[in-house]
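**Q** Okay, predicted coordinates and the sequence, questions at the end:
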Amino acid sequence: MTRRRTVTTIVSEQRWGSFLGVIERSWRKSGYEITGTNPSREMPSVFARTPDRFDLTVEVGYKGQVFFDVTTPCVDESEVAESTTRPNGPAHPLGKIPTPNVRSDFWSAATPAP
């Protein structure tokens, strides 16, 4: 089973490498194994595995949209309960997630990270 979260903050192309680097270092610090990277200039990504074998992906996609995926190692098919936590931003209906539209002074800057 895979869960995906979509980032609506604009991460400029000039900051993709820094953004993915922050994620990769955090995952390594958490004891996750980095299983691969895709240094593509159009759709870069980082792949990792947790000690309990969950697969993680962070990838830059269409129009710079950033996605986080978590895939479980093994599950039995069952009904999926609704989330018990409220989102810390807008709750977009499935299939209606906008392309990045939230500006960040740091991540949206059109210059490389210092």
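**A** Looks like it came in fine.
**Q** Going by C-alpha atoms from here, please, whenever you check contacts or count neighbours.
**A** OK.
**Q** Am I right that Arg28 sits in a strand?
**A** No - checked against DSSP: H, G, I helix; E, B strand; the rest coil, Arg28 lies outside a strand; its state is helix.
**Q** Enumerate every residue touching the residue most central in space within the chain.
**A** With distances taken as Cα atoms, centre = their mean, Phe68 lies nearest the centre of the chain, 2.6 Å away. Residues in contact with Phe68 (Cα atoms under 8 Å, 6 or more residues apart in numbering) are 4-7, 56-59.
**Q** Spatially, which two of the residues you listed are the most separated?
**A** Val7 and Leu56 (15.2 Å; Cα to Cα).
**Q** Neighbour count: these two, which is higher?
**A** Leu56 (23 against 19; other Cα atoms under 10 Å).
**Q** State the number of residues packed around the closest residue to Val75 other than its chain neighbours.
**A** Of all residues not flanking Val75 in the chain, Met1 sits nearest, at 7.0 Å (Cα to Cα, 6 or more residues apart in numbering). Neighbour count for Met1, taken as other Cα under 10 Å: 10.
**Q** Partner strands of the helix or strand of the chain with the lowest mean pLDDT, with direction?
**A** Ranked by mean pLDDT, DSSP states H and E, the helix or strand of the chain with the weakest confidence is strand 2-7, at a mean of 88. Taking DSSP bridges as the criterion, strand 2-7 forms sheet pairs with strand 66-71 (antiparallel).
**Q** Show me which parts of the partner strand are buried, residue by residue.
**A** 66-68, 70 (16 or more other Cα atoms under 10 Å).
**Q** What is the three-state secondary structure of Phe47?
**A** strand.
**Q** If it is in a bridge, with which residues?
**A** Gly36, Thr57.
**Q** give me the number of residues near it?
**A** Quick note: Phe47 (other Cα under 10 Å) scores 19 neighbours.
**Q** what's the answer for Pro44, then?
**A** 18.
**Q** Excluding chain neighbours, what is closest to it?
**A** Using Cα to Cα, 6+ apart, the closest residue to Pro44 is Asn38 (5.1 Å).
**Q** thinking again about what came up before, take the contacts of Phe68 and write them to CSV, including distance to Val22.
**A** Converted to CSV, the contacts of Phe68 look like this (distance: Cα to Cα, whole Å):
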residue, distance to Val22
Arg4, 19
Arg5, 17
Thr6, 17
Val7, 15
Leu56, 15
Thr57, 13
Val58, 11
Glu59, 13
